[in-house]
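Asker: Show me the folded form of this:
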Amino acid sequence: MPDQTQPQRQDDGLYTEEPKDNLPENTVAAEDAGVLRKKVTVTVPRQRIDAKFNEMFGELSKTAMVPGFRIGHAPRRLIEKRFGKEVGEDVRNALVGESIGKAVEKANLKTLGEPDLDLDKITVPDSGEMTFSFEVEVAPEFTLPQLTGIKVTKPKLELTDQRVDEALEQYRLGQVRYEATDHPAAEGDAVVVHAKISGEGIMDLDRRDVALRVAPGQIEGLPLIDLGTELAGKKAGDTATLKVKVPQAHPNKDWQGKELAVTVTISQVRRRILPEINEEFATGLGFESLGQLREMVSRRIEANIKQEVQRAMREQLCQHLLANTQLELPEGVAARHADSVLRRHYVELLHRGVPREQIDERIAELQAAATEQAKRDLKLSFILGKIAEQEKIEVSPDEVNARVAQMAQQYNRRPERLRQEMAQEGTLGEVEVALREEKALDKLLEQAEVTEAAPEPPAAPAAEKPKAPPKAKKKEVQKAKGAKETKGSKEAKVAKEPKVTKEAKGTKEPKGAKGKREKKS
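Answerer: Next comes the predicted model:
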């Protein structure tokens, strides 16, 4: 006897939805419409259409104002004549809205994104059935490789003076301040500019008082990788022009795929001032001495080495899965999902505790190659999603809340506020996805063939290393290592959000991976 709770598929490939009332159910047909696309056709029986009209006219008759009649006492025929067109549109919208989700579910389609549907072309006939179609992107079908016995090397990471120095440098960057100067802009400085975006086939766009750093960045969601190079050495009044190929995932459809020019005219240069790492620096952060600060940092690094090792082994598993899974994605599919990939990277960087200014730089770099990166990450997401489904891996709301709380602690934020912001920006769902994928990878690690690696060699003899990191002249710092050592109670004073976020980037945390117009605070 068939399971009456499941949709029944007929021999002709049609699906009928599970009956929930005495009305005949919609009929759903799914067919191929291209690579990873399905065309779904829904037929709504006349009885369901009439029932929806009766329902809506019944509700309207209680409140409709018809001349010559008290509210609620007008004849149905007059209400139909007066409000027929509006009610017809409402019936159409209701029937389509009720049918799409059920149709996708009953046809057992794993969809990507929203359906492609032109609502204005759908009409409710005066008699007979209503038929409409829509297209959806669907997840690809593929076979997973062998998941047990994957060879993984476990790195041997140790606490070194170099790691402590790099972590201290991150804290130093967190205490940056800016002041106006007449000198040329240098790497890491901030500038206030008038920005103009122009290009063939678009209207010029002007933005004033845009705050930027002399580093890779974004204006109106356009990734400007060479922004730092172009701004360096320029003074107030100077102009720089950058050419940019707009990503296909850009929210402005008129810009997508076009080459635009971004011209910035500097109105003010603000010099970056970094404190020296000394006793005064340590006491300013609430520690008794520089030695005590270094001890705290050392403890944090030791605690985070385990997570760093885990990430390294997970990455090896990802490389293996990508190399051994036959799964090709059309270019257009990856481009359309580039934005979700950027949101996922944003969440990952937040989890690592990477300073906000570095997150913005990293996201700008990813945007420039968003389609190719999206292709890789989307493929990996499909693979890990299938593994999680196969292993019946779930993520609870408590686990999501715990991860958000961990992120909030990295930036000395209130968890509930951060959660609210992430929900508004559409990145909260990525937290659940990330946790599920991490669980899938950890499941594979349990079954992997793991070998220990030799300890990493020191960069220089310990005797030659200074007790504190280089000061303001140091130009490059590692972006991820040591960035997570920003948690704790007393240590929370160190983990303040870098001031450059407010003064130079104009970005409230965490305002998503999408570029937005940056205003001077």
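
Asker: residue ranges with poor pLDDT in the stretch 1-150 of the chain?
Answerer: Within the stretch 1-150 of the chain, the ranges that satisfy pLDDT under 70 run 1-21.

Asker: For the residue lying closest to residue 438 once chain neighbours are set aside, what is the enclosing helix or strand?
Answerer: What sits nearest to residue 438 in space, not counting adjacent residues and going by CB to CB, 6 or more residues apart in numbering, is residue 314, at 7.1 Å. C-beta here means a position set from N, CA and C on the backbone, and glycine is covered the same way. Assigned by DSSP states H and E, residue 314 belongs to helix 290-323.

Asker: Residue 155 too?
Answerer: Per DSSP H and E: residue 155 is located in strand 151-156.

Asker: C-terminal to that strand, what's the next element?
Answerer: Next along the chain after strand 151-156, taking DSSP H and E as the criterion, comes helix 161-174.

Asker: now residue 208, what's its secondary structure?
Answerer: Look at residue 208: counting by DSSP: H, G, I helix; E, B strand; the rest coil, its state is strand.

Asker: how about the helix holding residue 314: buried residues?
Answerer: 290, 293-294, 296-298, 300-301, 304-305, 308, 311, 313-314, 316-318, 320-321 (16 or more other CB atoms under 10 Å).

Asker: how about stretch 396-414: buried residues?
Answerer: For stretch 396-414, a neighbour-count test (16+ other CB under 10 Å) marks 400, 403, 404, 407, 408, 409, 410, 411, 413 as buried.

Asker: Quick check: the farthest pair among the residues you listed?
Answerer: Greatest spacing in these, by CB to CB: 400 and 411 (17.6 Å).

Asker: on that earlier part again, narrow the buried residues of stretch 396-414 to those in helices?
Answerer: Mapping the buried residues of stretch 396-414 onto helices (DSSP state H) picks out 400, 403, 404, 407, 408, 409, 410.

Asker: From residue 229, how far off is the second one?
Answerer: Right, residue 403. Remark: distance between residue 403 and residue 229 (CB to CB, to the nearest Å) = 36 Å.

Asker: Without its sequence neighbours, what residue ends up closest to residue 204?
Answerer: Once flanking residues are discounted, residue 204 sits nearest to residue 198: 4.7 Å by CB to CB, 6+ apart.

Asker: tilt between the helix holding residue 314 and helix 161-174?
Answerer: Between the axes of helix 290-323 and helix 161-174, defined by axes from the mean of the first three to the mean of the last three CA atoms, to 10 degrees, the angle is 100 degrees.

Asker: Helix 290-323: how far from the chain's middle?
Answerer: 23 Å (CA atoms, centre = their mean, to the nearest Å).

Asker: Might you report the residue contacts of residue 204?
Answerer: Counting by CB atoms under 8 Å, 6 or more residues apart in numbering, residue 204 touches 196, 197, 198.

Asker: hey, where'd the helices end up in the stretch 251-400 of the chain?
Answerer: With DSSP state H, counting those that start in this stretch, the ranges of helices along the stretch 251-400 of the chain come out as 279-284, 290-323, 331-336, 338-352, 356-368, 370-390, 397-410.

Asker: can you put those helices in JSON lines and add mean pLDDT and distance to residue 159?
Answerer: JSON lines is the format used below for those (pLDDT from 0 to 100; distance: least, CB to CB, whole Å):
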{"stretch": "helix 279-284", "mean pLDDT": "93", "distance to residue 159": "19"}
{"stretch": "helix 290-323", "mean pLDDT": "93", "distance to residue 159": "5"}
{"stretch": "helix 331-336", "mean pLDDT": "64", "distance to residue 159": "40"}
{"stretch": "helix 338-352", "mean pLDDT": "69", "distance to residue 159": "18"}
{"stretch": "helix 356-368", "mean pLDDT": "65", "distance to residue 159": "23"}
{"stretch": "helix 370-390", "mean pLDDT": "85", "distance to residue 159": "31"}
{"stretch": "helix 397-410", "mean pLDDT": "90", "distance to residue 159": "20"}
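
Asker: between these, which gets nearest to residue 269?
Answerer: Set against residue 269 and scored by CB to CB, the helices of the stretch 251-400 of the chain come closest in helix 356-368, at 17.1 Å.
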